[in-house]
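Asker: how does the following fold in three dimensions:
(chains A and B)
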Amino acid sequence: MKRQGPVLLAFIIGMLMLIQFFTPNPLFLRIYNLFLDWKQVVLGCTLILGTWSLIRHHTRKIERKQENWQYSYVTLIGLAAMVLAALIWKTEGGPYTWMFQNMQVPMQSTMFSLLAFFVASASYRAFRARTFAATLLLIAGAVVMLGRVPVGALIGGSIGGHEVTVSTVADWILNVPNLAAKRGIMMGVGLGMTATAIKIILGIETTYLGKSD
Amino acid sequence: MKAVTPRGESRSPSLAALVVALLFSVVLSAHPSGAAAPEGRVADTPDDWGTSLTLTWTYAGPPEEIEAFEIRRHAGQAQAPAAPAAADSIDMSFDTWGWALVDSAAPGDTVFVDSDLDGGTAYSYAVVACLGAVKSPSVPTPPARPERQYLRSATVNVLVAVGVFMALVLVLVERARRGADLFIRRIAGLEAVEEAVGRATEMGRPILYVPGLDPMDEVATVAAIDILGQVAKKAGEYETKLVCPNRDPIVMAVAQQVVREAYASVGKPHLYQDENVYYVTFSQFGYAAAVAGYMVRERPATNFFIGKFYAESLVLAETGNATGAIQIAGTDSDAQLPFFISACDYTLIGEELYAGAVYLSRRPLLLGALKAQDYAKILILAAMVVGIALAVASPGTFEAYRKLLQ
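Answerer: Below you'll find the model as predicted:
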């Protein structure tokens, strides 16, 4: 029963969700919305679990004086400071908002802006023309990049009565070969998702329960 | 259906209609107007549970002259004034004979969906064009009854596709159960898992497993957790530390259970430690910073980035690349695939992500389901070829080619 119970539950819930998609019966819609509400409740409870996990992870690191254990103090102090600020001064205005606006948001923006450098290094590696495929990628990448800036529309001319510029070639690359490849991938993804869902509903796949056999 | 007069007298609909028609013929003579009357039609709203009707109308006159349309409803068969009349008198007449004012519509509107109706009752509607002091009602629509539909018509094709696919899965699972040899093509990224875990063991460094950023209801996360189970088994066999930081607390709880069971299944339950599968933060870039920091400090020998990723994918993959780790990524986010391909050693593209756990476990039942995907793809390709052939063979296409050649 310990194994069959969750599988049976997954089957019933999965079938309800599947039927809900096909029928306009409001009962199924109500059930669907009810489960969405429950999900929020479960998420709220597991957030406590997650916070507890974070605290334990870092307190153990401090206890054992593991490498770089000092940083764990920063995490724990940051967590406590935000919680206390929210409890004492509430979340509207006050130190909580100040810390969020002036500490968390800039730190997140910094991480995001690092992407520019990572894109440069990754592009350098990808565009090294060592093979035919890499050379093709380099040419396509250069055309698309040039086609995305205003000067791209000025490079080119009339061929057979049609205006052909770097921008139009870039659009063609994005809308024809690139889109075809993307659609091919998405089709496979769609089938993979459906197959996974069916496997879970029918109880063929149970790894998500922590039981693979 | 009976209409009730203000005095409380009950009259039959035909008598009511006669009286209304007579009354408004008198009103018409008193208020001559060139205003056109709308023409209304009512029909059952498709794809609902029998609680609504859809009223459509046309208006022959210039819409800019109209202030609004009034929608009047009568339960059961009835008639309404069909000629322009003074606003106050026509309102009184409608109210008297049981025509409820349901709603009003803007001059450009031509459709009104009346919902929350009684499924067993027939309803008639009248659309009244309001032109200042004059109101011009349509001829009442024939009564219509809301009908219940059990299936959304727009989802029939999906139902057929799901039915065919489910049948394929069941047939191939049954074949696999009977021991049929099902060929699955080699997937380099999954073949490398053994090598990647072995490398971490030889170097005495941990394995980092990132199960994406999405919650458990995302299928890619389910696939990531499935692969985590297989990777944890191998890590358990080699007694190598596996670290799994999580962005979602529910995913963390599931990942802890999966890793614990995986270690137990290879006879090494003592290797499992809760602190190695832990929660970090819900913040996207906070999570990326924490994982990147871990990679730089602890220098894991092997990194797995499996699941749903967003803009942080390159932060993670490039940091891992800089630390010299062997990296295996897998995602169905098409926008992140180029980043993973350029920064990782192996990348599971799209559907390969969903095949991961099956490929690694080689369980016959799961192989059957995986094989069904291949057959479904053949069916889709066949449908596409037929569609292209029909499109090319259509007269319009020939005409277009002819013009192009000219």
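Asker: residue B:345 is in contact with residue B:188, correct?
Answerer: No - look at residue B:188 against residue B:345 with C-beta atoms under 8 Å: they stay out of range, at 9.5 Å. Every residue, glycine included, has its C-beta placed from N, CA and C.
Asker: settle it for me: which of the two has more neighbours?
Answerer: The neighbour comparison of residue B:188 against residue B:345 (other C-beta atoms under 10 Å in any protein chain shown) goes to residue B:345, with 18 against 12.
Asker: quick one: that one and residue B:326 touch, right?
Answerer: Yes - counting by C-beta under 8 Å, residue B:345 does reach residue B:326; the two are 5.4 Å apart.
Asker: got any residues that touch both of those two?
Answerer: Residues touching both residue B:345 and residue B:326 (C-beta atoms under 8 Å, 6 or more residues apart in numbering or on different chains) are residue B:192.
Asker: just for chain A, where's the confidence low?
Answerer: Across chain A, the ranges flagged by pLDDT under 70 are A:1-2, A:210-213.
Asker: likewise for the stretch 201-350 of chain B?
Answerer: In the stretch 201-350 of chain B, no residues with pLDDT under 70.
Asker: so where do the helices sit in it?
Answerer: B:219-238, B:249-265, B:284-298, B:313-322, B:337-343 (DSSP state H, counting those that start in this stretch).
Asker: can you tell me if the host helix or strand of residue B:392 touches chain A.
Answerer: Using DSSP states H and E, the element containing residue B:392 is helix B:364-393. Yes - using C-beta under 8 Å from any C-beta of the partner chain, we find that helix B:364-393 touches chain A at B:365, B:366, B:369, B:370, B:372, B:373, B:376, B:377, B:380.
Asker: point out the least confident member of these, please.
Answerer: Among the residues of helix B:364-393 next to chain A, residue B:365 has the lowest pLDDT, at 80.
Asker: list the contacts of that one.
Answerer: Contacts of residue B:365 by C-beta under 8 Å, 6+ apart are A:204, B:173, B:176, B:177.
Asker: can you list the domain ranges for chain A.
Answerer: Following automatic domain parsing, one gets these domains for chain A: A:4-114, A:117-201.
Asker: just so I know, which of these lies nearest residue B:278?
Answerer: For residue B:278, the closest of the domains of chain A is domain A:4-114, at 4.3 Å, according to C-beta to C-beta.
Asker: is the closest one anywhere near chain B?
Answerer: Yes - Domain A:4-114 reaches chain B (C-beta under 8 Å from any C-beta) through A:18, A:21-26, A:39, A:42-43, A:46-47, A:49-51, A:53-54, A:56-57, A:60, A:67-68, A:71, A:104, A:107-108, A:111-112, A:114.
Asker: give me the buried subset of those residues.
Answerer: A:18, A:22-25, A:43, A:46, A:50, A:53-54, A:57, A:60, A:108, A:111, A:114 (16 or more other C-beta atoms under 10 Å in any protein chain shown).
Asker: which SSE is the closest residue to residue A:201 other than its chain neighbours in?
Answerer: Leaving out its chain neighbours, the residue that sits closest to residue A:201 by C-beta to C-beta, 6 or more residues apart in numbering or on different chains is residue A:14, at 3.5 Å. Per DSSP H and E: residue A:14 is located in helix A:4-22.
Asker: what's that helix packed up against?
Answerer: helix A:26-63, helix A:179-201, helix B:156-177 (3 or more C-beta pairs under 8 Å, 6 or more residues apart in numbering or on different chains; DSSP states H and E).
Asker: quick one on the thing from earlier: take the helices of the stretch 201-350 of chain B and write them to TSV, including mean neighbour count and distance to chain A.
Answerer: What follows is the helices of the stretch 201-350 of chain B, written out as TSV (neighbours: other C-beta atoms under 10 Å in any protein chain shown; distance: least, C-beta to the nearest C-beta, whole Å):
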stretch	mean neighbour count	distance to chain A
helix B:219-238	25	4
helix B:249-265	23	3
helix B:284-298	19	4
helix B:313-322	24	4
helix B:337-343	22	4
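Asker: what would those look like in JSON lines with distance to residue B:115?
Answerer: JSON lines is the format used below for the helices of the stretch 201-350 of chain B (distance: least, C-beta to C-beta, whole Å):
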{"stretch": "helix B:219-238", "distance to residue B:115": "34"}
{"stretch": "helix B:249-265", "distance to residue B:115": "36"}
{"stretch": "helix B:284-298", "distance to residue B:115": "40"}
{"stretch": "helix B:313-322", "distance to residue B:115": "44"}
{"stretch": "helix B:337-343", "distance to residue B:115": "44"}
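Asker: out of those, nearest to residue B:138?
Answerer: Comparing these by C-beta to C-beta, helix B:219-238 comes nearest, at 50.8 Å.
Asker: dump that closest one to CSV, keeping only the CA atoms.
Answerer: Output of helix B:219-238 as CSV, limited to C-alpha atoms (Å, rounded to 0.1, in the frame of the first residue of the first chain):
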residue,chain,number,x,y,z
VAL,B,219,7.7,18.0,-16.7
ALA,B,220,11.3,19.0,-17.3
THR,B,221,11.8,19.0,-13.5
VAL,B,222,10.2,15.5,-13.2
ALA,B,223,12.7,14.3,-15.9
ALA,B,224,15.6,16.0,-14.0
ILE,B,225,14.6,14.2,-10.8
ASP,B,226,14.4,10.9,-12.7
ILE,B,227,17.9,11.4,-14.0
LEU,B,228,19.0,12.5,-10.5
GLY,B,229,17.9,9.1,-9.2
GLN,B,230,20.1,7.3,-11.8
VAL,B,231,23.1,9.6,-11.2
ALA,B,232,22.7,9.2,-7.4
LYS,B,233,22.8,5.4,-7.8
LYS,B,234,26.1,5.6,-9.7
ALA,B,235,27.5,8.1,-7.2
GLY,B,236,26.4,5.7,-4.4
GLU,B,237,28.1,2.7,-6.1
TYR,B,238,31.4,4.7,-6.4
